[in-house]
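1. pasted the sequence and its predicted model underneath.
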Amino acid sequence: MQQPMVEFKNVIKKYDDNQILKGIDMALEKGKFYTLLGPSGCGKTTILRIIAGFTNASSGDVLFEGKRMNDLPANKRQVNTVFQDYALFPHLNVFDNVAFGLNLRKVKKSDVEKKVIEALKLVRLGGYEHREISELSGGQQQRVAIARALANEPKVLLLDEPLSALDMKLRKAMQYELRDLQQRLGITFLFVTHDQEEALAMSDEIFVMNEGNVLQSGTPVDIYDEPINHFVADFIGESNILPGKMVADYQVEIVGKVFECADAGMKPNEAVEIVLRPEDLDIVAVNQGQLVVTVDTQLFRGDYYEITAYDDDRNRWLIHSTNPAKDGQQVGLFFEPEDVHVMRFGESEEDFDARLESYEEED
Amino acid sequence: MRKKQLIYYLPYALWLLLFVLAPVALIVYQSFFDINNHVTLQNYVTYFESGTYLKMTLNSLWYAFLITLITLLISYPTAYWLHQTKHKQLWLLLIILPTWINLLLKAYAFIGIFSQDGAINHFLGWFGIGPQQILFTNFSFLVVATYIEIPFMILPIFNSLEELNPSLVNASRDLGASNWQTFSKVVLPLTMAGVKAGVQAIFIPSLSLFMLTRLIGGNRVITLGTAIEEHFLTTMNWGMGSTIGVVLIVAMGLIMMLTGEKKTKKKVTMK
C-alpha cells in the first residue's frame, strides 16, 4: 500500500475533562478528496486544526508522510488551510494576500508574480490582482482564500466549511469547481462540512463523525447505501428508520410482515433496525404493493414530491415521488430486497465490514 | 421632523459654541493685542524671532515625543499580554483605576515617593547609594508623565487587538510565517489604528503639560504649557500667552492630520 500523506493513530484531544476526540484512527492518501462530515461539535474542525498545527493532540500520533509531526509548528507544515471566514488580510490587496506565503519563503520576485497570477487563474480570478479585499463579493473572497492556500503548493489542503457562507447557487457551483480543482492538481483535500449533500457530491471518501468518534468511513455510495447505524442513516439523507427482526438470513420482519432483504450473517431473531430510503419506495396500486399506506401530506420540492404517509399501525413513511398523490388516498408501496438496509445495534465498522465480506464471498 | 432633530442637537451645539468655539476665537483675538491693548502682530514676530520661544517649542515637542515613545514601548507589550491573558476584565480595571484619581493627588504622591526622605531613597539607602536627588529632575518628570499617560495608550491598543480576527493570526502561521513575522506583517499593521489613537491621546496633551513640569520637574523643563501659564498668571501678557496658545492649537491640528486615518490607498491602475 502507498504511504499515506496524513495518518492519525489513536488521537485523543481533551479540553479539561471534556474529550473532543476519542481516539481517532485515519489515513489520508495522496491525491484524494476526503470529507469529515458531522454535526457541529462532533470534533471535525478539531481534527483539521490538529493537522494544520493550530492545536495539539492530547495523546496519540499524527504522521505526515510517515514522520511524526505532533511537535512541528504550524508554519513548518506542508499543509495549508482555507478558513471558514476566509481570513483574508484586510490590509493587503488580492495580489499581496496570495503572495503572502511566497514572500515569506523569499521566492524570487518574478516567480512570485508568475505563481500568484497562475493561482488566481486557477480560481478564475485573473485580472483581480490589484483589487482590495473589501471590494470583493463573498464568492470572490472565497476564491482568493483558495488561491492563497494553493499558491503555497501544499501537499494537503484543508478546507474548514468554506462554502457555508455562500448562497445556494454559488455553493453548488463552487462544489463543482473544488472537485475539478482537486482532480486537476492531484493534491489531497480534506474538507470539513456538516452538509451531507456537499459531502456526497464531492468526496472520494467520507468520514462520518459524531461526539468525537468516526462512526463510518467509505465512499459516498457505500455510506449512503449501507449506513452502519441509526445516526449515520439519519444524518446522511432522508430515511425511514424502522425497528425490525432478522427472521433468518436474507429475511427480515418489519411492521409485522416478513420481507426479503440482502443482508445476512446475524443471529436468528436478532433485533435490528431497517433503513428504507424515501426515493427507493415506489407508489403502486394498492393490490400490487407490499404495504398499504394512507397519504397524509405532501410537499412539492421542485424536482420531486415529498410525501408523508401512515400505514395501519401508524408507522410514518416518507416517500419521494416524481408524481403527486392525493391527500387521504390509499396507495401501495413497493421496494426491492436491495433497498432494505439492515443495521445491527452497536456494530462497529470493523465487524460490519467483516460480516459483509463473510456472506458476500459465499455468493 | 427636522425641527425635532435640531432640538436634540441643541445641547451639544451650545456646548461646542460656549466651550470650544468661543474660547478659541477669544484666544485668536487676544493674540493680536500687545500688553498695552494695542492691535499688533508683534506677538507673532516675537514668537518666531526670539530664540527662547522656538527653543521652548522644540523642548515641548521633544518631551512630548519622549513621553509618547516611552508610553508606547511600555503599552503595546502590556496590551498584547492583556489581550491574551485569562482575566482580562480584572486587569483592565486595575489599569483604568488610577485614572479615576485626581491628577494633582497623584503628583503629590510622587513628590512624597521621590523626595529626599521618600520611599525610593529609603530603598536606595539599603544599598548605600542614597539619598539621591530624584525629584525635580528630567528623569522624574518623564517617569510621572509616562505613568499618568499609560492607560490612555493601553486602552486603544488593547481594543484594536481585541477586534483583530484571531483566524488572521492562524492564517499567517498557516502560510508559513514565524511568530515574529506574523506580528510584524499582520498584527502590527492591523492594530495601527489603536496605536495612532493612543499617540494622539498622549502626544497632544503632553505638548501643553504644565503642572507636572513644576511639581515634579521643578520647572527645569519649560514647555509651552508652562509658558502660557506664566504669561497669563505672572507677567499678565495675555497677548503673548494667547499667541503661544494659537501656535499650540495649530500644532495639534497638524498632528491630528498626520496621525489621522488616511483616505483609502490610491488604487494602482492596471495597465
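-> Right, received. Where do you want to start?
2. which stretches of the stretch 151-271 of chain B have low pLDDT?
-> Of all residues in the stretch 151-271 of chain B, those with pLDDT under 70 make up the ranges B:261-271.
3. what is the subsequent helix or strand relative to the biggest helix by length in chain B?
-> Ranked by residue count, the top helix of chain B under DSSP state H comes out as helix B:51-84. If you walk from helix B:51-84 toward the C-terminus, the next helix or strand you reach (DSSP states H and E) is helix B:88-96.
4. other SSEs contacting that next one?
-> helix B:51-84, helix B:138-163 (3 or more Cβ pairs under 8 Å, 6 or more residues apart in numbering or on different chains; DSSP states H and E). C-beta: built from backbone N, CA, C; applies to glycine.
5. the following helix or strand past the last one packs against which elements?
-> It stands for helix B:138-163. Remark: after helix B:138-163, the chain's next helix or strand is helix B:166-174, criterion DSSP H and E. With contacts defined as 3+ Cβ pairs under 8 Å, 6+ apart, the packing partners of helix B:166-174 are strand A:79-82, helix B:179-182.
6. re earlier: so how far is the longest helix of chain B from its chain's centroid?
-> Here helix B:51-84 is found 7 Å from its chain centre; the criterion is Cα atoms, centre = their mean, to the nearest Å.
7. residues in contact with the helix or strand bottoming out on mean pLDDT in chain A?
-> In chain A, no helix or strand scores lower on mean pLDDT, DSSP states H and E than helix A:349-362, which sits at a mean of 78. Judged by Cβ atoms under 8 Å, 6 or more residues apart in numbering or on different chains, the contacts made with helix A:349-362 from elsewhere in the structure are A:Val214, A:Leu215, A:Gln216, A:Ser217, A:Glu226, A:Ile228, A:Asp249, A:Ala264, A:Gly265, A:Met266, A:Arg344, A:Glu347.
8. go on, stretch A:155-170?
-> When contacts are defined by Cβ under 8 Å, 6+ apart, stretch A:155-170 is touched by residues A:5-6, A:28, A:30, A:45, A:48, A:51-52, A:65, A:78-86, A:138-139, A:142, A:145-146, A:149-150, A:171, A:174-175, A:178, A:182, A:187-195, A:198.
9. any of those residues buried? List them.
-> Among the contacts of stretch A:155-170, those classed as buried by neighbour count (16 or more other Cβ atoms under 10 Å in any protein chain shown) are A:5-6, A:28, A:45, A:48, A:51-52, A:79-86, A:139, A:142, A:145-146, A:149-150, A:171, A:174-175, A:178, A:182, A:187-194, A:198.
10. which of the residues you listed fall within strands?
-> Among the buried ones among the contacts of stretch A:155-170, the members falling in strands are A:Val6, A:Leu28, A:Val79, A:Asn80, A:Thr81, A:Val82, A:Thr188, A:Phe189, A:Leu190, A:Phe191, A:Val192, A:Thr193 (criterion: DSSP state E).
11. sorry, back to before: between the helices and strands packed on helix B:166-174, which gets nearest to B:His122?
-> Checking those against B:His122 by Cβ to Cβ gives helix B:179-182 as the closest, at 41.6 Å.
12. now check the next helix or strand after the closest one, is it near chain A?
-> Note on helix B:179-182: by DSSP H and E, the next helix or strand toward the C-terminus is helix B:188-190. Yes - figure legend: helix B:188-190 in contact with chain A (Cβ under 8 Å from any Cβ of the partner chain); contacting residues B:Pro189, B:Leu190.
13. list the neighbours of helix B:188-190 that are in contact with it.
-> Counting contacts by Cβ under 8 Å, 6+ apart, the residues touching helix B:188-190 from outside are A:Phe89, A:Pro90, A:His91, B:Ser160, B:Leu164, B:Leu168.
14. now it: buried residues?
-> Neighbour counts over helix B:188-190 (16+ other Cβ under 10 Å) mark B:Leu190 as buried.
15. cool, and stretch A:38-57?
-> Under the neighbour-count criterion of 16+ other Cβ under 10 Å, stretch A:38-57 has A:38, A:42-55, A:57 buried.
16. ok, now stretch A:348-363?
-> Along stretch A:348-363, these residues count as buried under the neighbour rule (16+ other Cβ under 10 Å): A:Glu349, A:Phe352, A:Arg355.
17. give the contact list for residue 175.
-> In the absence of a named chain, chain A is used. By Cβ under 8 Å, 6+ apart, the contact set of A:Gln175 is A:Leu163, A:Glu198, A:Ala201, A:Met202.
18. switch to chain B, please.
-> Neighbouring residues of B:Leu175 by Cβ under 8 Å, 6+ apart: A:Asn75, A:Asn80, A:Phe100, A:Gly101, A:Leu104, A:Arg148, A:Ala149, A:Asn152.
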